[in-house]
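Colleague: starting from these lines, generate the structure:
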Amino acid sequence: MTKKTFFHSTLREVKLYIDAFYMEKDYQSKCIEHQSWLTGAYVMNAVVAAFNKKAKYPENPLLENTKTIKEIAKNNNKSEEEMNQELLYMTLRVRQTNARLEKR
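Modeller: Take a look at the predicted model:
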């Protein structure tokens with residue numbers, strides 16, 4: 001916001017600029033937090049690969065670990081319907097936990 005814009009704005013417009021500034025800072029901090037988490041995931045895989053002779057550091061661990069529900073169900077000897085129910089249950093639990101955290 002320029003000086004000229006500031007002096008020719010209403011309080012509501014200034015508040016919108018301030019809110020947008022805080023939203024941008026919040027988004028930047030979330031991006032940094034996500035990047036830190038990814039770095040930690042890569043470091044964890046590297047440490048496991050270094051100390052375990054059978055483990056190998058995957059070329060692209062994040063893409064390699066993405067599987068469809070059918071593949072996971074096949075590996076766990078469960079039906080696709082059971083896996084979908086588990087997914088819905090876990091989604092519900094995450095929402096409940098997030099709601100509790102927002103109340104604090």
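
Colleague: next, give phi and psi for Ser9.
Modeller: With angles defined as degrees, to the nearest 10, Ser9 sits at phi -110, psi 160.

Colleague: that one: what's it in contact with?
Modeller: Contacts for Ser9 (C-beta atoms under 8 Å, 6 or more residues apart in numbering) come out as 1, 17. Where C-beta positions appear, they are placed from N, C-alpha and C, glycine not excepted.

Colleague: and the pLDDT at it?
Modeller: Looking at Ser9, its pLDDT is 88.

Colleague: Met23 versus that one, what's the distance?
Modeller: 18 Å (C-beta to C-beta, to the nearest Å).

Colleague: so which helix or strand takes in the spatially most central residue of the chain?
Modeller: Computing the C-alpha centroid of the chain and ranking residues by C-alpha atoms, centre = their mean puts His34 first, at 6.3 Å. Taking DSSP states H and E as the criterion, His34 maps to helix 11-51.

Colleague: distance from that helix to the middle of the chain?
Modeller: Mean-position distance between helix 11-51 and its chain equals 9 Å (C-alpha atoms, centre = their mean, to the nearest Å).

Colleague: also stretch 87-98?
Modeller: Using C-alpha atoms, centre = their mean, the offset of stretch 87-98 from its chain centre is 15 Å.

Colleague: now stretch 96-104
Modeller: Worked out by C-alpha atoms, centre = their mean, stretch 96-104 lies 17 Å from the chain centre.
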